[in-house]
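S.K.: The following comprises the amino acid sequence and a computationally predicted model.
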Amino acid sequence: MKRRDFLGVVAASAAASTACHEINLQRIVGDVPVRPAPSLRPGIEKYVETLCGACAAGCGIRVRVVDGNAVQVEGLKDHPVNDGGICPRGAAEIQNLYHPARLSQPLLRKSKQEPMEGVPWDAALAAASLELRAAQERRAGILFVVGPTASPAEVEVVTRMVQELRGAGVVRLAVPMYELPEDAFRLMLGVENARYDLPRAEYILTIQSDWLQASHSPIEMQRTFAELRRSRSDRRIRMVHAGSRLSITALKSDRWIPIRPEGGAAFAHSIAAVLLEKGRHDPKAESLKGFGNYREWVLSRFGGDNLGLECGVEPESIREVAEEFGNRRPAIAVGRRGSLAEQCAVTALNLVVGSIGVAGGILPGGRVPIQAAAYSTSPSADGYPAEVTEGKRPSPQVVILYKANPLFGLADSTAWSRLLGSASIRTIVLGSFEDESARTADLVLPLSTPLESRQFRWGMTFSREPVLSVGPAALPPLHATRSGMDVLFDLAGRSGSKLPWGNSEEFVNRLLAEAGAESLAKKGGTWAFPAESARPAGSARFVLGPPPVPESKGAGKKLRLDVYPLLAFPYGEGAHLPYLHGLTAPSGREVWSSWVEIHPETAAQHGIQDGDRVEVRSDLGALTTVARVAHGIHPSAVAMPLGLGRKALGVFADGHGADPTALLAPSLDPDTRRHTWEGTQVEVRKI
């Protein structure tokens with residue numbers, strides 16, 4: 001048909017359809033009546049600018065609310081912390097808000113043998129105050145356990161309550177992979193709040209730290225990486241990762257150097273030995289206390305013919321990295337809060353190249369100008385149950401878990417289970433979900449989710465500027481829940497704790513006034529303060545620290561277990577949110593399940609192929625999972641992700657995957673009194 005004829009037919013058909021205006025549409029479609037389309041009215045829409053409460057970073061967010069329902073969370077452009085970005089955990093707050101397993105009312109257990117029952121708030125708070133007052137009268141212990149996602153403001157209120165209550169104490173839950181080497185910073189640099197100035201570095205040598213996935217502020221790390229990799233004609237940053245596993249940070253680096261799981265400290269000392277041998281160290285390092293002893297020790301143990309032996313790396317590779325690290329300045333070695341030996345080794349390497357107190361090195365972090373407690377020095381929850389059992393600490397009568405779940409994801413969760421299961425201890429949980437700890441508690445006080453709570457946070461920006469932020473609740477609570485701050489103040493008043501502030505509103509207003517940011521009290525927003533200037537490293541010193549852990553001899557078929565974090569499940573949390581399960585692995589094969597990574601050579605020795613069901617066993621027990629055979633793991637190790645294997649939190653979490661921390665041998669570092677999460681040996685066999 002020619003084009004002219006086709007157009008004629010179309011025109012005729014259109015005219016005929018216009019003329020047939022009395023066509024019975026109902027008869028054409030049979031018995032199904034045709035109804036007019038419903039109105040596409042979008043509803044009453046608004047946007048609420050507030051703060052994300054998924055972690056302690058305090059990113060700015062913009063929440064879209066339609067007809068009273070939160071439907072979308074996006075990053076707030078120009079906010080000094082995240083500048084419009086948002087991490088997966090922040091985006092998943094919508095699912096957290098509307099999750100079917102949320103606690104909707106307080107729960108009370110009258111005795112250890114009885115089930116929990118729903119009670120009104122007044123009855124729940126009366127029961128809590130009764131326990132707290134009884135403990136005060138008997139001068140028995142009251143222990144607060146604070147989780148890693150609690151905001152600095154919440155931590156401040158808890159700390160002040162502890163100071164007012166007789167015999168009270170506080171410990172904090174912490175995962176070492178998410179923290180900077182604060183113990184070494186304090187010991188060797190004399191600072192409490194140092195930060196890596198990654199955006200201005202020219203060479204970044206990461207040692208065992210997967211900082212792109214494990215960070216107290218995921219958005220800060222993502223912004224840092226974007227800045228480092230931004231195309232520039234005059235600058236090309238060099239990134240090298242030394243670790244036992246091909247992590248996300250290793251994948252994004254220019255080079256990955258496989259080392260033994262226990263070889264982080266030895267690798268750092270080996271690089272330092274080459275620099276000292278060739279005289280490529282910073283001359284100012286020679287004037288620091290302890291330099292002579294450190295130089296002599298490092299050269300004798302890690303230099304010469306010993307180069308690379310303790311970390312399992314070829315000497316030529318170490319010399320290549322040392323050459324690059326010594327030539328490109330500013331160069332920085334990035335570590336984690338692992339064993340004190342590893343922390344001190346990485347910090348000493350930064351002292352050797354003069355990266356302390358300079359741009360692109362280690363700089364002091366800023367602080368908001370308020371009189372806040374130094375929470376970072378609070379003791380870790382690691383080893384607390386063991387110290388109670390050994391008589392080194394008195395047993396508490398009341399344990400308050402604030403956004404904390406010590407029965408999951410710790411190296412000594414079993415010890416915590418025994419402690420909290422004692423008939424003489426009453427456990428009070430403040431949280432939003434019935435997690436493993438809430439299931440066994442005596443009283444559960446349900447907290448509103450971050451989107452339902454007013455936010456008051458302080459922290460630090462991408463460029464080390466201290467910030468103070470206030471944001472409203474995006475919508476009212478969906479259930480009979482209350483904000484954590486309000487519950488803390490209520491408990492403080494009922495227990496006789498005389499805080500400087502009468503309620504949460506007074507607390508916020510007075511701290512804003514103290515910082516000179518009173519205008520935020522009414523309109524909300526963020527107030528930024530000048531970053532602290534760099535300080536010279538004159539007060540720094542070299543510390544030999546504990547010797548690195550040598551390679552295990554005679555281990556036979558045993559392998560080192562490497563437990564690593566996932567961005568989807570920060571601090572081992574978030575397994576109850578379906579959205580996050582889609583981010584657990586690049587291939588998507590492992591969604592809703594766990595896996596163990598094993599090197600091809602090691603797998604062949606054990607008769608294991610990719611996809612086989614395997615048993616991973618340590619001295620503490622065994623678990624079953626799927627083997628993933630890949631070159632991205634050192635042959636002497638196997639690796640499992642953190643966050644799955646929950647026994648609570650609803651159908652999306654309960655029973656999915658396995659918890660590798662159940663296999664970790666509790667090993668307290670004698671110097672830091674913290675679990676290092678290193679050194680556990682396991683056997684892997686095909687089922």
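M.R.: Yep, it's here.
S.K.: quick check: longest strand of the protein.
M.R.: In the chain, with assignment by DSSP state E, the single longest strand is strand 621-629.
S.K.: Which elements pack onto that strand?
M.R.: Here strand 621-629 touches strand 595-598, helix 600-605, strand 613-618, going by 3 or more C-beta pairs under 8 Å, 6 or more residues apart in numbering; DSSP states H and E. (C-beta placed from N, C-alpha, C; glycine too.)
S.K.: if we go to 10 Å?
M.R.: strand 595-598, helix 600-605, strand 613-618, strand 637-641, strand 681-686 (3 or more C-beta pairs under 10 Å, 6 or more residues apart in numbering; DSSP states H and E).
S.K.: What are the buried residues along the third one?
M.R.: In this case it means strand 613-618. Within strand 613-618, the residues that count as buried by 16 or more other C-beta atoms under 10 Å are 614, 616-618.
S.K.: Out of those residues, which two sit at the greatest distance?
M.R.: Greatest spacing in those, by C-beta to C-beta: Val614 and Ser618 (13.6 Å).
S.K.: residue ranges of the helices in the stretch 201-350 of the chain, please?
M.R.: Taking DSSP state H, counting those that start in this stretch as the test, the helices found in the stretch 201-350 of the chain are 218-229, 248-252, 264-277, 291-302, 315-327, 340-352.
S.K.: With mean pLDDT, mean neighbour count and distance to Gly409 as added columns, please give those helices in TSV.
M.R.: Listed next are the helices of the stretch 201-350 of the chain as TSV, based on pLDDT from 0 to 100; neighbours: other C-beta atoms under 10 Å; distance: least, C-beta to C-beta, whole Å:
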stretch	mean pLDDT	mean neighbour count	distance to Gly409
helix 218-229	86	19	18
helix 248-252	94	18	20
helix 264-277	96	27	22
helix 291-302	95	18	35
helix 315-327	96	18	34
helix 340-352	95	28	21
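S.K.: Quick check: which of the ones you listed is nearest to Trp527?
M.R.: It is, among these and with distance given as C-beta to C-beta, helix 218-229, at 18.4 Å.
S.K.: pLDDT weak spots in the stretch 151-300 of the chain?
M.R.: By pLDDT under 70, the weakly predicted segments of the stretch 151-300 of the chain are 231-235.
S.K.: hmm, back to that, okay, the buried residues of strand 613-618 in TSV with pLDDT next?
M.R.: Formatted as TSV, the buried residues of strand 613-618 follow (pLDDT from 0 to 100):
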residue	pLDDT
Val614	97
Val616	97
Arg617	96
Ser618	94
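S.K.: Tell me which residues touch Asp654, please.
M.R.: Shown in contact with Asp654 (C-beta atoms under 10 Å, 6 or more residues apart in numbering): 101, 436, 575-576, 645-648.
S.K.: Quick one: low-confidence residue ranges for the stretch 551-687 of the chain.
M.R.: Along the stretch 551-687 of the chain, segments meeting pLDDT under 70 span 551-556, 585-591.
S.K.: one step back: can you say which of the contacts of Asp654 are buried?
M.R.: Using 16+ other C-beta under 10 Å, the buried ones in the contacts of Asp654 are 101, 436, 575-576, 645-646, 648.
S.K.: Tell me which of the helices of the stretch 201-350 of the chain sits nearest to Asn509.
M.R.: When these are compared by C-beta to C-beta, helix 218-229 sits nearest Asn509, at 28.1 Å.
S.K.: Export only the CA atoms of the closest one, formatted as CSV.
M.R.: As requested, the backbone C-alpha atoms of helix 218-229 are provided in CSV (Å, rounded to 0.1, in the frame of the first residue of the first chain):
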residue,chain,number,x,y,z
PRO,A,218,29.1,5.6,55.0
ILE,A,219,28.3,8.8,53.0
GLU,A,220,31.6,10.4,54.1
MET,A,221,33.6,7.5,52.8
GLN,A,222,31.6,7.4,49.5
ARG,A,223,32.2,11.2,49.0
THR,A,224,35.8,10.7,49.8
PHE,A,225,36.2,8.0,47.2
ALA,A,226,34.4,10.1,44.6
GLU,A,227,36.7,13.0,45.3
LEU,A,228,39.8,10.8,45.1
ARG,A,229,38.8,9.3,41.7
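S.K.: What's opposite Ala622 in the beta bridge?
M.R.: Arg617 (DSSP bridges).
S.K.: Could you measure from it over to Ser215?
M.R.: Distance of Ala622 to Ser215, computed by C-beta to C-beta, to the nearest Å: 32 Å.
S.K.: Neighbour count: these two, which is higher?
M.R.: Here Ala622 and Ser215 are compared on neighbour count by other C-beta atoms under 10 Å; more neighbours surround Ser215, at 24 against 14.
S.K.: Which element, helix or strand, includes the nearest residue to Arg138 once chain neighbours are set aside?
M.R.: Computed as C-beta to C-beta, 6 or more residues apart in numbering, the closest residue to Arg138 that is not its neighbour in sequence is Gln397, at 6.9 Å. In this assignment (DSSP states H and E), Gln397 forms part of strand 396-402.
S.K.: Excluding covalently adjacent residues, which one is nearest to Arg328?
M.R.: Using C-beta to C-beta, 6+ apart, the closest residue to Arg328 is Tyr203 (4.1 Å).
S.K.: So the one you found is in contact with Ile237, correct?
M.R.: Yes: if you go by C-beta atoms under 10 Å, Tyr203 and Ile237 touch, sitting 7.4 Å apart.
S.K.: Between the two, which contacts overlap?
M.R.: Common neighbours of Tyr203 and Ile237 (criterion: C-beta under 10 Å, 6+ apart): 254, 328, 360.
S.K.: For those residues, pick the one with the most neighbours.
M.R.: Tallying neighbours with other C-beta under 10 Å puts Gly360 at the head of the shared contacts of Tyr203 and Ile237, with 20 neighbours.
S.K.: related to what we said a few turns ago, redo the buried residues of strand 613-618 as CSV? Include distance to Ser270.
M.R.: Conversion of these to CSV gives the following (distance: C-beta to C-beta, whole Å):
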residue, distance to Ser270
Val614, 34
Val616, 31
Arg617, 33
Ser618, 29
